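A.B. asks: requesting a structural model of the entry that follows:
(chains A, B, C, D, E, F, G, H, I and J)
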There are 10 protein chains.
Amino acid sequence: MLSKQEAAQRVRAAKVRKNLTWARIAEAVGAPVAWTTAALLGQHPMSAEQAQAAVGILDLDEEVAQALQLQPTRGALETAIPRDPTMYRFYEVLQVYGPTIKELIHEQFGDGIMSAINFRLDVEKVPHPEGDRVVVTLNGKFLPYQW
Amino acid sequence: MLSKQEAAQRVRAAKVRKNLTWARIAEAVGAPVAWTTAALLGQHPMSAEQAQAAVGILDLDEEVAQALQLQPTRGALETAIPRDPTMYRFYEVLQVYGPTIKELIHEQFGDGIMSAINFRLDVEKVPHPEGDRVVVTLNGKFLPYQW
Amino acid sequence: MLSKQEAAQRVRAAKVRKNLTWARIAEAVGAPVAWTTAALLGQHPMSAEQAQAAVGILDLDEEVAQALQLQPTRGALETAIPRDPTMYRFYEVLQVYGPTIKELIHEQFGDGIMSAINFRLDVEKVPHPEGDRVVVTLNGKFLPYQW
Amino acid sequence: MLSKQEAAQRVRAAKVRKNLTWARIAEAVGAPVAWTTAALLGQHPMSAEQAQAAVGILDLDEEVAQALQLQPTRGALETAIPRDPTMYRFYEVLQVYGPTIKELIHEQFGDGIMSAINFRLDVEKVPHPEGDRVVVTLNGKFLPYQW
Amino acid sequence: MLSKQEAAQRVRAAKVRKNLTWARIAEAVGAPVAWTTAALLGQHPMSAEQAQAAVGILDLDEEVAQALQLQPTRGALETAIPRDPTMYRFYEVLQVYGPTIKELIHEQFGDGIMSAINFRLDVEKVPHPEGDRVVVTLNGKFLPYQW
Amino acid sequence: MLSKQEAAQRVRAAKVRKNLTWARIAEAVGAPVAWTTAALLGQHPMSAEQAQAAVGILDLDEEVAQALQLQPTRGALETAIPRDPTMYRFYEVLQVYGPTIKELIHEQFGDGIMSAINFRLDVEKVPHPEGDRVVVTLNGKFLPYQW
Amino acid sequence: MLSKQEAAQRVRAAKVRKNLTWARIAEAVGAPVAWTTAALLGQHPMSAEQAQAAVGILDLDEEVAQALQLQPTRGALETAIPRDPTMYRFYEVLQVYGPTIKELIHEQFGDGIMSAINFRLDVEKVPHPEGDRVVVTLNGKFLPYQW
Amino acid sequence: MLSKQEAAQRVRAAKVRKNLTWARIAEAVGAPVAWTTAALLGQHPMSAEQAQAAVGILDLDEEVAQALQLQPTRGALETAIPRDPTMYRFYEVLQVYGPTIKELIHEQFGDGIMSAINFRLDVEKVPHPEGDRVVVTLNGKFLPYQW
Amino acid sequence: MLSKQEAAQRVRAAKVRKNLTWARIAEAVGAPVAWTTAALLGQHPMSAEQAQAAVGILDLDEEVAQALQLQPTRGALETAIPRDPTMYRFYEVLQVYGPTIKELIHEQFGDGIMSAINFRLDVEKVPHPEGDRVVVTLNGKFLPYQW
Amino acid sequence: MLSKQEAAQRVRAAKVRKNLTWARIAEAVGAPVAWTTAALLGQHPMSAEQAQAAVGILDLDEEVAQALQLQPTRGALETAIPRDPTMYRFYEVLQVYGPTIKELIHEQFGDGIMSAINFRLDVEKVPHPEGDRVVVTLNGKFLPYQW
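C.D. replies: Numbering: from 1, shown residues only, chains lettered A, B, ... in the order given. Model (predicted):
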């Protein structure tokens, strides 16, 4: 049985081979692009229909479709602190602004957390005269501490 | 000379004592709330005016005002992986969605990063029938790899 | 301003001095014993009433009562892997049964997690002819992955 | 000779292929579901009969049956701090409530530990109007420190 | 309130000052020498009588006697791998013979562990013509894995 | 050339296949059982005669015999802190009793260490009415610090 | 699909086989030597033309050319602290001069960083009577903290 | 006796108090600015004359002058991987370009290293129409491996 | 009671104050210079006579003399990998030549170790036309593995 | 292309097969034994002649000869702290005597280091009535800190 990591590698290779974008694949799958990308990289399970749509557009076989439907064991960083600069910046945000985010969540909502489960994220390109901006929106349900 | 960490502790204590919100202090300082919170927690240097406004509303002394203007050595997490659940969820987002964010930045912008320096963030409360949502917006300039 | 850790130390000392049990203090506070213990050890914020009741029975001062109401930065282990044998056994359970628990949650509930926020725990003593048993019940709301 | 880890991978694949649940396999094996799952994932040795029953329902060969009977070297987490969110929540419980559990064990039982060897666990689904609850029960013999 | 670590430091100082041995103190306490040493170093709680006997012979005050009776949070190594050569050799034994000990326990007893709770140890000096030998005996109840 | 680790895996497999005990193999090798087990697991070099005796009873080939005679690079734990419960208990003994053992060695012998090189260990089963006991004896030459 | 790491290994082998220098390959690729070396070692993506030129001079196949064009996940050190002495010296520079560099950047530019993205580096040999000198120039755009 | 770390803190405070730059202090000391900064931050020993000049301009006392002359134990990072963004970028350079620098040193000089002892560094501001540039020059003697 | 670390700090300060060398102090103590230095830095216990001689020449009090006689808990590095360049080079030697030293010890002596207990070291300055050389001699008794 | 690690494994196997010593191989290579051992284990590059001599006496092929000439990425320890007892003792020497060595280098030479690049080491067997001694001589050029 193909692991989800092996399936993800085949997906990446097929995407290059067929010259597709994640946006185009997501459209075929019928799901948000960030969710679809995460699922194809092995972090979310797909439904049978979604998996079929994905292997269809990527021209991959049934074995990949099955792997895409498996329950993942999540966690994608190779080291506790990410080494890749594009990913590191988000860790840096946490180092510099972690306590700030915590303070503002507590001020606005009380004691609790932003769910990372009932959660969605978007990555957008926002044009700006001094240089385009990456806008990443993290959107999670507030969960109050409740005994 | 007071360190920025000691100043931050005095700020936290005064904020409780005077029953202020970060939003109210930010208003007095005349700066965005997330920036102001980060600055008061020791992650950004304030201008003399901002520092005066802050110690004014918090009823703190000149020593604190000076510390708030110092250049910080940034980095606020006590452990490489944050232990506090409210902060951990953002690390979890990185573990689950880090490669997804990387893929989408590269797809939309090409090779490069979201700056964490030319950067702002906002924490908002968005009402929702099934439970309010925490929306954290990370907004940084795209910096293309350029030799 | 007293930190929550310092307040916890004073609480422990007073508890020994006054020869109280956590159960007895919890009764005075009017909250479940595990929650009360966690709160007094600095992991949950108390309401003003709860804090007054706690310092009342423990004969501590206002400074402690204020610390007990502060929003905590949670996380109590001194090392990533606990060294104390009583606490280590729970880490060992995770090492031996972590994937089992994960499998059974997914089998019974689908993809998601047991919340550690909308959560309660109980520690009970269950008599048994071959030796009493410690029964720890972890009870958290199921949160399905939801985009 | 097949290692227990390789056997576990074949078990997982066969379980998907034959569309079985852990509950159904445990029934065939004649043992509690959590124990059976842990054993099939390589954390407990099975008796010859249990192993035969397991490979029978999973349609696997003798080589797997032998591996299931081997004495395991236990420990299943890939990193000291689990990265998968479903498993991480149990580590978070330890970070937030570890000292609380320790205090309550000592209060109720005296100095000692909950055995993780003379031990069983159950994972249950408890319906609740505001959302079903995951109830994990850890049940271990109390072992007093005894010289 | 004195912590057990602070009490241990006072014990060590008094032992030097009064030129006592652990053996002599253990005799006064009426308990085995290894247990007594561990207790005075903060790893076991003493009864009131034992604590009184200990502070008596060491000429320490009531504050120390109270600390010696507190429930310890155990774990005495400053680093995960001990740096002191006398202690390191025992870690080295584990590196070289750990799997051997595991195999022999399983061969003689079946699946289970040597308890470190229902446990005692002795350190003896055994004269030998080619140089005296240190004999450390670890003696723990066998605990079979039992569901 | 077969590595000692690969040889150890073949030894383990053959031992299961031929249903042998370490005690029986040690008898054939003509050496103490703990030493023989450690040697077959790759932590000691065997003489040519010992290696022949071992592969003889295990029905393995010359390649394994050669590997058993190689000088090892010792160290068998997969992680600095062992994860397997049977091995972890010995690490826990070090955490709880390390300084005690150090104190008692110094008290009885002066400044120095127990050698882990001029050293032997035994694992015995000692019957006891309340449950059999595992007795592990560590026996090493005392080496005084000597310039 | 060949990974960038595998492509880098083939590049290294071909470079030895064909007795080329990085300088000579860079000339063929038409890019600075440090950038070209980094790209061929898998840290930068090449354009199709650059990749063709590289595989041309190195006599490698299309598969390598494709791998060279992939977006990298950057980060090349095998351990957080480099072990190779030639690379370690740069880590040592950071240990000894990190805060100095930070102070001087802030003194000359204000609060901000040297970009490692809009960045180039050169390694030069500067003859010197007492021994040639390695001069490494790090040249990055200053990015002021800007909200 | 004041430690070099304590002296460094007093230097930083005095520098703010007297509103001096590192460049101005270095001028008074009569040494390069980067060297002077490193020395005042505790990474190099000063001569008696340099130390007198430094405390003179900073208006500090003899105790600081003595500490500045002590032989340092070098190493200034609080964590193995620096957390401050201004310093982290240099670690990132090592992660992305470490092997490139190594290759180019070996290509130009043969087997050896850039000395970090017979070494100097400069931090310069180079104006540029698209934004000023930070240019850090590392200049160390080449040391060939020599037996 | 003064700890050995505190005593070491007082020794260092007095040595600067009185402008002594380790060689001169060792002469007064009547012991080899490396041993004396290690003992004064807290890594070896001194006899009463040695301690008296040391505090005599250093003009320190009885409290220091007592601390110098205490049994040390050895281990002096602040981080597992030393950060100070002078000390790091010896770690680098271990990284580059560790397996070489191991091979040569085994080739010349058979299976065993160089004792670090029955051990002495010397640091010498050997003049050389191309630059003086540091010669560090490690001299330890060979200990054969012996059961 | 064979890596230096793979070449080292073939060298080790051939050395056993042909029953050679490192001393005998070094003689054939015409270089010091410690250098030759390090080079054959992959830590130094050999010249073409040396590599030919080595594969000649070891009866290995051209592929190995080429690998022996490659520039190494140095660093041979599998873990930051070596686990093998023969290698660990040298790490222990650093833990116990590191600061002593540092003090003595500075006392005799001033501020600087012993080079590990312009460096040689020898391992000798020195007979002694109470047991032969391992004498390891580290001999490196002194490098003064020089700006």
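
A.B. asks: show the pLDDT at the residue in chain A that chain E sits nearest to.
C.D. replies: Across chain A, no residue is closer to chain E than A:Ala80, which sits at 15.9 Å (CB to the nearest CB). Placement of C-beta: from N, CA and C, glycine included. Confidence at A:Ala80, expressed as pLDDT, is 96.

A.B. asks: now it: phi and psi?
C.D. replies: Phi and psi for A:Ala80, reported as degrees, to the nearest 10, are phi -60, psi -40.

A.B. asks: A:Thr21 too?
C.D. replies: phi -110, psi 160.

A.B. asks: tell me how far A:Glu124 lies from chain G.
C.D. replies: 19 Å (CB to the nearest CB, to the nearest Å).

A.B. asks: name the SS class of that residue, please.
C.D. replies: strand (DSSP: H, G, I helix; E, B strand; the rest coil).

A.B. asks: settle this for me: it is touching A:Asp132, isn't it.
C.D. replies: No - with contacts counted by CB atoms under 8 Å, A:Glu124 stays clear of A:Asp132, the gap being 10.0 Å.

A.B. asks: neighbours around A:Thr137, how many?
C.D. replies: By other CB atoms under 10 Å in any protein chain shown, 17 other residues sit near A:Thr137.

A.B. asks: so what's it scoring on pLDDT?
C.D. replies: Note on A:Thr137: pLDDT of 98.

A.B. asks: report the contact partners of it.
C.D. replies: Residues in contact with A:Thr137 (CB atoms under 8 Å, 6 or more residues apart in numbering or on different chains) are A:Leu121, A:Asp122, A:Glu124, B:Val135, B:Val136, B:Thr137, B:Leu138.

A.B. asks: buried subset of the residues you listed?
C.D. replies: Buried residues within the contacts of A:Thr137, counting neighbours by 16 or more other CB atoms under 10 Å in any protein chain shown: A:Leu121, B:Val135, B:Val136, B:Thr137, B:Leu138.

A.B. asks: next, the residue of chain A found nearest chain J: phi, psi?
C.D. replies: Among the residues of chain A, A:Thr79 lies nearest to chain J; the distance is 14.7 Å by CB to the nearest CB. Note on A:Thr79: its backbone torsions stand at phi -130, psi 150 [degrees, to the nearest 10].

A.B. asks: which residues in chain A form strands?
C.D. replies: Ranges of strands within chain A are A:112-126, A:133-144, based on DSSP state E.

A.B. asks: export the shortest one to CSV, keeping only CA atoms.
C.D. replies: Going back to what we said before, that points to strand A:133-144. Presented in CSV, the C-alpha positions along strand A:133-144 are these (Å, rounded to 0.1, in the frame of the first residue of the first chain):
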residue,chain,number,x,y,z
ARG,A,133,1.9,41.6,-0.6
VAL,A,134,1.4,38.0,0.7
VAL,A,135,-1.7,37.9,2.8
VAL,A,136,-2.2,34.7,4.8
THR,A,137,-5.5,34.6,6.7
LEU,A,138,-5.8,32.1,9.5
ASN,A,139,-9.5,31.7,10.4
GLY,A,140,-10.4,29.3,13.3
LYS,A,141,-13.3,29.0,15.6
PHE,A,142,-12.7,30.4,19.1
LEU,A,143,-12.8,27.7,21.7
PRO,A,144,-13.3,28.9,25.2
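
A.B. asks: neighbouring strands for that strand, and are they parallel or not?
C.D. replies: Strand A:133-144 pairs in its sheet with strand A:112-126 (antiparallel), strand B:133-144 (antiparallel), by DSSP bridges.

A.B. asks: quick one, what contacts the residue nearest the centre of chain A?
C.D. replies: Residue closest to the mean C-alpha point of chain A, counted by CA atoms, centre = their mean, is A:Ala38 at 3.7 Å. Shown in contact with A:Ala38 (CB under 8 Å, 6+ apart): A:His44, B:Val96, B:Tyr97, B:Thr100.

A.B. asks: just the closest of those to C:Ala48, please.
C.D. replies: Comparing the contacts of A:Ala38 against C:Ala48 with CB to CB places B:Val96 closest, at 38.3 Å.

A.B. asks: wait, the closest one sits on A:Arg74?
C.D. replies: Yes - between B:Val96 and A:Arg74 a contact is recorded at 5.2 Å, counting by CB under 8 Å.

A.B. asks: in CSV: the strands of chain A, plus distance to H:Val11.
C.D. replies: Putting the strands of chain A into CSV (distance: least, CB to CB, whole Å) gives the following:
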stretch, distance to H:Val11
strand A:112-126, 42
strand A:133-144, 40
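
A.B. asks: what about stretch A:65-81, how long is it end to end?
C.D. replies: 32 Å (CA to CA, to the nearest Å).

A.B. asks: that stretch near chain H at all?
C.D. replies: Yes - Stretch A:65-81 is in contact with chain H by CB under 8 Å from any CB of the partner chain, via A:Ile81.

A.B. asks: do that stretch and chain B meet at all?
C.D. replies: Yes - contact of stretch A:65-81 with chain B (CB under 8 Å from any CB) involves A:Arg74, A:Gly75, A:Ala76, A:Leu77, A:Ala80, A:Ile81.

A.B. asks: hmm, D:Met87 and the second one touching each other?
C.D. replies: The one in question is A:Gly75. No - using CB under 8 Å as the test, A:Gly75 is too far from D:Met87 to be in contact (9.2 Å).

A.B. asks: contacting residues for A:Gln9?
C.D. replies: G:Met1.

A.B. asks: do you know the pLDDT at it?
C.D. replies: Looking at A:Gln9, the pLDDT reads 96.

A.B. asks: that one and chain H, how far apart?
C.D. replies: 23 Å.

A.B. asks: go on, A:Glu130?
C.D. replies: In terms of CB to the nearest CB, A:Glu130 sits 11 Å off from chain H.

A.B. asks: not counting sequence-adjacent ones, nearest residue to that residue?
C.D. replies: Spatially, and ignoring its direct neighbours in sequence, A:Glu130 is nearest to B:Lys141 (7.3 Å; CB to CB, 6 or more residues apart in numbering or on different chains).

A.B. asks: could you do A:Ser3 as well?
C.D. replies: A:Ala67 (6.6 Å).

A.B. asks: what about the helices in chain A?
C.D. replies: A:4-17, A:22-29, A:33-40, A:48-58, A:62-69, A:85-109 (DSSP state H).

A.B. asks: now do the last one: which elements does it pack against?
C.D. replies: When contacts are defined as 3 or more CB pairs under 8 Å, 6 or more residues apart in numbering or on different chains; DSSP states H and E, helix A:85-109 sits against strand A:112-126, strand A:133-144, helix B:22-29, helix B:33-40, helix B:85-109, strand B:112-126, strand B:133-144, helix H:85-109.

A.B. asks: again, 6 Å this time
C.D. replies: Judged by 3 or more CB pairs under 6 Å, 6 or more residues apart in numbering or on different chains; DSSP states H and E, the packing partners of helix A:85-109 are helix B:33-40, helix B:85-109, strand B:112-126.

A.B. asks: format those as TSV; extra columns: mean pLDDT and distance to F:Gly110.
C.D. replies: Output for these, formatted as TSV (pLDDT from 0 to 100; distance: least, CB to CB, whole Å):
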stretch	mean pLDDT	distance to F:Gly110
helix B:33-40	98	57
helix B:85-109	97	50
strand B:112-126	97	58
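
A.B. asks: comparing those, which comes out most buried?
C.D. replies: helix B:33-40 (a mean of 25; mean count of other CB atoms under 10 Å in any protein chain shown).
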